[in-house]
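Participant: Return atomic coordinates for the entry below.
(chains A and B)
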2 protein chains.
Amino acid sequence: MNRTAAALVIGNELLSGKVHDANTHTLARALRPLGIELRRVVVIPDEVELIAAEVNSLRLAHDFVFTSGGVGPTHDDVTVEGIALGLGRRVVRSAAVEALLREHYGERLTDGHLHMADVVEGTELFPGASPAWPTMVLGNVFVLPGVPQIFAFKLEGLLPRLRGDEAPFVLRSVECAVDEGPLKPFLDSIVARFADVAVGSYPHWGNDAHRVRVTFDGRDPARVGDAHAAFVRELPADWVVRSD
Amino acid sequence: MNRTAAALVIGNELLSGKVHDANTHTLARALRPLGIELRRVVVIPDEVELIAAEVNSLRLAHDFVFTSGGVGPTHDDVTVEGIALGLGRRVVRSAAVEALLREHYGERLTDGHLHMADVVEGTELFPGASPAWPTMVLGNVFVLPGVPQIFAFKLEGLLPRLRGDEAPFVLRSVECAVDEGPLKPFLDSIVARFADVAVGSYPHWGNDAHRVRVTFDGRDPARVGDAHAAFVRELPADWVVRSD
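Facilitator: Below you'll find the predicted structure:
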């Protein structure tokens, strides 16, 4: 089985350029050792109807969907409402989350905080590691927060659950001392012989403009190794700056 | 007129976590002073059919589409082929781009380089600034490279063309010394009175966990200023750390 994933990143702050999205990169890197292929990332504003439509579209086309953002207590946190609309379910108060909030905030608890106890009906609360805060799961949809540090540790807690029987992706690379033009026939030759290895070619820029990083990704370490070795062997020796 | 934009970011290297996407942030920031609203970002792999479908979906729903990546000379550069498929057009050799390539590479020119002269039939070549390299334009679709430095200066060259009669977005912000729970009623009150101002609330994390950045975005500087001023006035004075 070769499972796929999509990310739905929710937040006006990304689309207006206030902050960089760090969570997509975190997710992409976390899924590689599991052999799960991240196929699509969509970034949309904090709007209920858009979230509803996009969650539905992504969850039907991928094995996993990870949402990021929009789960705090304020007016712009509408991810739960959006998913509920998409799934045609109600939003209900979770007694379990309310108890956690009461314990966490104690006397400082406000009605605002309690908004975070409102979940889509039928939400599974997957136990977190540390801090012991559960992740909302709706079928194949995992609802994660936008704050990068919390996104990362909640995702970490999910990894054992996501692990299947896929081989992890392995990566080899070669740093080349020429631009992409002269490399092209060598690349084409490898691509023609190694259909099961994804070959990437990434030019540097600035001082290193005449350098290209060539990468070999795949699930079969032997095939990736063979593609990498063949490429290095076939290139003029003085084009190879480094081989990893 | 309030125009909208979408970004289509093309590249396996982003989805496999090899590199961060910097171009979305560059685009988001560049569009704000023009008053153009970035509504959606989609990241997909280097696959012709996906590019075709996504370009079509985005160009019909937005005033502008900016693609990023997949325009070099190698096998994984399939953006032109994807757009051609989406638009139902052929890929043809551009004599103008070929001449530029011959001039730029001189004796180093390879067949690989010439692949970059293959364009979608009917492509407009919008003249670049420095270096004098044109940007491919197909109706409302602007085809930009993935290398962040080139993306940025090609986008810069497009800005005069994109400028319309929209008011630029203006931004004010307040740094608050409490978490989102107690802020919520104050935020809700502003949101209720200022429907034309987008109010955002962004918690910090780590050492600043009990701080929130509240932002006010809009096209009318007076309304944004009024929302910002009302919020600062209504908050307990010692909650306001900084006001910009």
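Participant: show me the contacts for residue A:202.
Facilitator: By C-beta atoms under 8 Å, 6 or more residues apart in numbering or on different chains, the contact list for residue A:202 reads A:212-215, B:13, B:18-19. Any C-beta I mention is one placed from the backbone N, CA and C, and that applies to glycine too.
Participant: Is it within a helix or a strand, and which one?
Facilitator: Taking DSSP states H and E as the criterion, residue A:202 maps to strand A:198-203.
Participant: after that strand, next one along is what?
Facilitator: With elements assigned by DSSP H and E, the helix or strand that comes after strand A:198-203 is strand A:212-218.
Participant: rewinding a little: just the buried ones out of the contacts of residue A:202, please.
Facilitator: Neighbour-count burial (16 or more other C-beta atoms under 10 Å in any protein chain shown) is assigned, among those, to A:212-215, B:13, B:18.
Participant: With distance to residue B:146 added, can I get those residues in JSON lines?
Facilitator: Shown next, in JSON lines, are these (distance: C-beta to C-beta, whole Å):
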{"residue": "A:212", "distance to residue B:146": "13"}
{"residue": "A:213", "distance to residue B:146": "13"}
{"residue": "A:214", "distance to residue B:146": "15"}
{"residue": "A:215", "distance to residue B:146": "14"}
{"residue": "B:13", "distance to residue B:146": "8"}
{"residue": "B:18", "distance to residue B:146": "12"}
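Participant: The residue most central in space within chain A: what's it in contact with?
Facilitator: Residue closest to the mean C-alpha point of chain A, counted by C-alpha atoms, centre = their mean, is residue A:27 at 3.0 Å. Counting by C-beta under 8 Å, 6+ apart, residue A:27 touches A:5, A:7, A:38, A:66, A:68, A:155, B:17.
Participant: repeat that for 7 Å
Facilitator: If a contact means C-beta atoms under 7 Å, 6 or more residues apart in numbering or on different chains, then residue A:27 has A:7, A:38, A:66, A:155 as its contacts.
Participant: give me the number of residues near the first one?
Facilitator: In this case it means residue A:7. Using other C-beta atoms under 10 Å in any protein chain shown, residue A:7 has 27 neighbouring residues.
Participant: Let me see the ranges of the helices in chain A.
Facilitator: For chain A, the helices defined by DSSP state H cover A:12-15, A:23-31, A:48-61, A:79-87, A:95-105, A:111-114, A:148-162, A:180-193, A:221-234.
Participant: can I get these in CSV with mean pLDDT?
Facilitator: Formatted as CSV, the helices of chain A follow (pLDDT from 0 to 100):
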stretch, mean pLDDT
helix A:12-15, 96
helix A:23-31, 97
helix A:48-61, 98
helix A:79-87, 98
helix A:95-105, 93
helix A:111-114, 90
helix A:148-162, 93
helix A:180-193, 95
helix A:221-234, 97
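Participant: how about the ones you listed in JSON lines, adding distance to residue B:43?
Facilitator: Converted to JSON lines, the helices of chain A look like this (distance: least, C-beta to C-beta, whole Å):
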{"stretch": "helix A:12-15", "distance to residue B:43": "12"}
{"stretch": "helix A:23-31", "distance to residue B:43": "7"}
{"stretch": "helix A:48-61", "distance to residue B:43": "12"}
{"stretch": "helix A:79-87", "distance to residue B:43": "19"}
{"stretch": "helix A:95-105", "distance to residue B:43": "31"}
{"stretch": "helix A:111-114", "distance to residue B:43": "33"}
{"stretch": "helix A:148-162", "distance to residue B:43": "17"}
{"stretch": "helix A:180-193", "distance to residue B:43": "22"}
{"stretch": "helix A:221-234", "distance to residue B:43": "24"}
